[in-house]
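S.K.: Got a predicted structure here, sequence first:
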Amino acid sequence: SEIAIACVEAHRDADVELALAFAAQVVPSFCTADNDRLIKFARSVKSLVDLYQDDKDNLDLEPCLKLAIQEAELLSSPPGTLQVPKVKFGKTGLDISVVTLGCMRFQQEWGPRITNMNMVDGDCQDNLVQILKRGLLEFGINHIETARGYGSSELQLGVALKQLILTKQIKREDFILQTKVNPMKNPADFRKALEQSFQLLQVDYIDLFAFHGVNYPETLVYMFGEDKIPKPERKEGDPETCYSIIQEYVKAGKIRHIGFSTHGSTDLILETINKNVFDYANIHYHFVGSYTASGGGHDGQGNRDCVKLMNEKNMGVFIISPFDKGGCLFIPSRKFRKLTLPELEPMTFESQRIWNHHHLFPGQHIHTYTAGAARPSDLDQPAVAAYWHATQNAQVVEKVQRVSARLLKVREEALGKEWADTWWKGVPKAAQNKHHVEHNQVVWQYNCLLAFGLYHFAKARYHSFENNKKNWKDDKTDDENINSLQPGWGYVPGLPLKPDVDYSDDFVNVPEANKARVVEAEKFVYEWLATKTTVQEDPKDEHDAYKKAKLEEKEIPKDWQDAYDMRTWRDFPDRERRLYS
């Protein structure tokens, strides 16, 4: 502890220097680590020291530092030590790694603008190749997941995989490739998009195909036809559907297994599972909630009902975005990090909770989750967690159970047991009210703030509603606006709260005992998360900057502040767009 405190005092504003000074004394082998690993190590240690100095009575620094040192030791271990284990992916029979390489954070940019590799920066593609090498060659991850809707991801991934295959660093049979395409109203458009995925990925077959974004009831019509009933095979005279096209590709050997991904409601996901034609599904289901499906299910536990049903049908269970939509755990609040320590770091806790879900809820297995890597080091902590899962499972399960119990206890103390158990009852989603507000998500954000201080996460989620409002045109009908925002609206539905609107008509199904608390919760969310501006009326000069709207800033409670930020540099798709001549 004394060594860590001294290193932080000497190098508080110099991450690499801090990491080297501390590592030299406690884990010398880590001094050879790359820059990103050193920066993450330093930020972790610095945060631990700060948390300890602010709350010495409730945080034991020594075991927390030991956890960071153990991770550093494993990341310095000989090649082949950190191997991500594999499990049977439900009825597909595939041996799939328990960590999936998600490919929506490393591409040059979102959108369809990039059409060839001349438009991709060399450092972006080099980074992508290094991520593949870290994941596939160093850690043994064998599942890669992308989508037609991920901008230039398929293009860049196809080139990188071809390069690795041509240089005999990997074989096509070494990895399981998944891509996803949105169901479309016009099947011809869907076929065109599917063919484009094959061309960009430069493969003869796709192991796992998913209908992307089964987010609202109309997608079932697009997949199966007006009756929403899947046909075993298309007969002469039957209209072509997106599903019949995929059946054609399966018959030709170009697609091996069919699934779907979703940000939809729990009820819609259950309906889709019960079509009995899917081998697997990609769903949100995290400790803090189920993202857009938070508050869903028969008991308000979101997509846990879906996990249970998928197990009954022997489907592969794939969890989307546990570290982002599951609470921004790469930027956890100080409170949340303190609550998972000293047993586990926030990301490691979520990893172990997923893999050991059947120990918490017997019979409900989860197979894998996606780690959306923007840089090679983003795969490090998932790989370390997977190593502990494989080699120390009994101890890990005990830790998960202790941390889960602690978090649930704190949640109940912060919210009150009655509210914690019933907050979701009668609270509508955007599709269920005339104001198009995702009340379920808004109240969930309140719970996340009050219980765990997840301010960065809640702010980001609320900002998605504000982005929708920016593109909402008052001269269009509601249906026209929603259609113009598709498919994005399906993934991040909802408009922001308006402080002058009475939403009581939306809460007719909320139990009487909860109505006042729902209103209170939404006022609280608006106060803390809504972007507010002030404009000074009397500028000294017409060019004065204060003519512009200025963001009002609130002082964030210390426990809500970021413990650390494990993004060592800005992700490529979030950067300024490159200009092309």
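M.R.: Nice, I can see it.

S.K.: quick one: the helices in the stretch 1-150 of the chain?
M.R.: 2-10, 15-26, 35-54, 61-75, 122-132 (DSSP state H, counting those that start in this stretch).

S.K.: what does the stretch 301-450 of the chain give?
M.R.: 304-312, 334-340, 346-355, 357-360, 380-391, 393-415, 417-422, 439-452.

S.K.: How far off centre is the fourth one?
M.R.: Averaging C-alpha positions (Cα atoms, centre = their mean, to the nearest Å) puts helix 357-360 21 Å from its chain's average.

S.K.: re the thing from before, output the helices of the stretch 301-450 of the chain in JSON lines, with mean neighbour count and mean pLDDT appended to each entry.
M.R.: (Each C-beta comes from the backbone N, C-alpha and C, glycine too.) JSON lines is the format used below for the helices of the stretch 301-450 of the chain (neighbours: other Cβ atoms under 10 Å; pLDDT from 0 to 100):
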{"stretch": "helix 304-312", "mean neighbour count": "20", "mean pLDDT": "98"}
{"stretch": "helix 334-340", "mean neighbour count": "23", "mean pLDDT": "98"}
{"stretch": "helix 346-355", "mean neighbour count": "26", "mean pLDDT": "98"}
{"stretch": "helix 357-360", "mean neighbour count": "16", "mean pLDDT": "98"}
{"stretch": "helix 380-391", "mean neighbour count": "22", "mean pLDDT": "98"}
{"stretch": "helix 393-415", "mean neighbour count": "16", "mean pLDDT": "98"}
{"stretch": "helix 417-422", "mean neighbour count": "14", "mean pLDDT": "98"}
{"stretch": "helix 439-452", "mean neighbour count": "24", "mean pLDDT": "98"}
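
S.K.: quick one: which of the ones you listed is nearest Q169?
M.R.: In terms of Cβ to Cβ, the element of the helices of the stretch 301-450 of the chain nearest to Q169 is helix 380-391, at 18.6 Å.

S.K.: Surely F224 touches K275?
M.R.: Yes: counting by Cβ atoms under 8 Å, F224 does reach K275; the two are 7.3 Å apart.

S.K.: Just checking, which helix or strand of the chain averages the lowest pLDDT?
M.R.: strand 550-551 (a mean of 55; mean pLDDT, DSSP states H and E).

S.K.: mind checking how far A193 is from T422?
M.R.: Distance, A193 to T422, by Cβ to Cβ, to the nearest Å: 43 Å.

S.K.: Looks to me like R256 is in a helix.
M.R.: No: assessed with DSSP: H, G, I helix; E, B strand; the rest coil, R256 is strand; it does not lie in a helix.

S.K.: How many residues are close by it?
M.R.: Neighbour count for R256, taken as other Cβ atoms under 10 Å: 17.

S.K.: for P499, same thing?
M.R.: 10.

S.K.: Checking it next. Helix, strand or coil?
M.R.: Under three-state DSSP, P499 comes out as coil.

S.K.: That one - nearest residue in space that isn't next to it in sequence?
M.R.: Excluding the flanking residues, the one nearest P499 by Cβ to Cβ, 6 or more residues apart in numbering is Y526, at 5.9 Å.

S.K.: count of residues packed around A431?
M.R.: 17.

S.K.: isn't it right next to Y216, touching?
M.R.: Yes: using Cβ under 8 Å, A431 makes contact with Y216 at a distance of 6.9 Å.

S.K.: For stretch 234-254, list every residue counted as buried.
M.R.: For stretch 234-254, burial by neighbour count (16 or more other Cβ atoms under 10 Å) applies to T241, C242, Y243, S244, I245, I246, Q247, Y249, K254.

S.K.: I meant stretch 490-507, not that one.
M.R.: Buried, per 16+ other Cβ under 10 Å, within stretch 490-507: G490, Y491, V492, P493, G494, L495, P496, L497, Y503, D506, F507.

S.K.: Among these, which are located in helices?
M.R.: G490, Y491 (DSSP state H).

S.K.: and which of the buried residues of stretch 490-507 is nearest G296?
M.R.: P493 (13.5 Å).

S.K.: Look at that closest one and report its pLDDT.
M.R.: As predicted, P493 sits at a pLDDT of 96.

S.K.: my guess is it meets A430, correct?
M.R.: Yes: if you go by Cβ under 8 Å, P493 and A430 touch, sitting 4.5 Å apart.

S.K.: is it possible to export the buried residues of stretch 234-254 to CSV including distance to V26 and secondary structure?
M.R.: As requested, the buried residues of stretch 234-254 are exported to CSV (distance: Cβ to Cβ, whole Å; DSSP: H, G, I helix; E, B strand; the rest coil):
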residue, distance to V26, secondary structure
T241, 60, coil
C242, 56, helix
Y243, 57, helix
S244, 61, helix
I245, 57, helix
I246, 53, helix
Q247, 58, helix
Y249, 54, helix
K254, 52, coil
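
S.K.: Please report how far the residue nearest to the spatial centre of the chain lies from D571.
M.R.: Among the residues of the chain, S321 comes closest to the average C-alpha position under Cα atoms, centre = their mean, at 2.0 Å. Counting by Cβ to Cβ, the gap from S321 to D571 is 14 Å.

S.K.: tell me, how many neighbours does the residue nearest to D565 when sequence neighbours are not counted end up with?
M.R.: Computed as Cβ to Cβ, 6+ apart, the closest residue to D565 that is not its neighbour in sequence is I331, at 4.9 Å. A count of neighbours around I331, defined by other Cβ under 10 Å, yields 20.

S.K.: What does I331 show for phi and psi?
M.R.: Main-chain dihedrals, I331, degrees, to the nearest 10: phi -140, psi 60.

S.K.: picking that back up, so which of the helices of the stretch 301-450 of the chain gets nearest I144?
M.R.: Nearest of the helices of the stretch 301-450 of the chain (Cβ to Cβ): helix 380-391, 14.3 Å.

S.K.: Please list the residues outside that closest one that contact it.
M.R.: By Cβ atoms under 8 Å, 6 or more residues apart in numbering, the surrounding residues in contact with helix 380-391 are 37, 40, 71, 74-75, 81-85, 97-99, 139, 141, 345, 347-348, 351-352, 355-356, 371, 396.

S.K.: swap the cut-off to 7 Å and go again
M.R.: Residues from elsewhere that reach helix 380-391 (Cβ atoms under 7 Å, 6 or more residues apart in numbering): 37, 71, 74-75, 82, 84-85, 98-99, 139, 345, 347-348, 351-352, 355, 371, 396.

S.K.: One more: stretch 448-460?
M.R.: Residues outside stretch 448-460 that contact it (Cβ under 7 Å, 6+ apart): 288, 327-328, 331, 333-336, 410-411, 414-415, 445, 528-529, 556, 559-560, 562.

S.K.: Now with 6 Å, please.
M.R.: 288, 327-328, 331, 333, 335-336, 411, 414-415, 445, 529, 556, 559-560, 562 (Cβ atoms under 6 Å, 6 or more residues apart in numbering).

S.K.: And for stretch 395-405?
M.R.: Here stretch 395-405 makes contact (Cβ under 6 Å, 6+ apart) with T340, E343, L344, F349, Q352, R353, N356, H359, W388, H389.

S.K.: contacting residues around the closest residue to Q125 other than its chain neighbours?
M.R.: Leaving out its chain neighbours, the residue that sits closest to Q125 by Cβ to Cβ, 6+ apart is Q156, at 5.9 Å. Contacts of Q156 were listed using Cβ under 6 Å, 6+ apart, and they are Q107, Q125, L128.

S.K.: try S351
M.R.: S351 touches P382, A385, counting by Cβ under 6 Å, 6+ apart.
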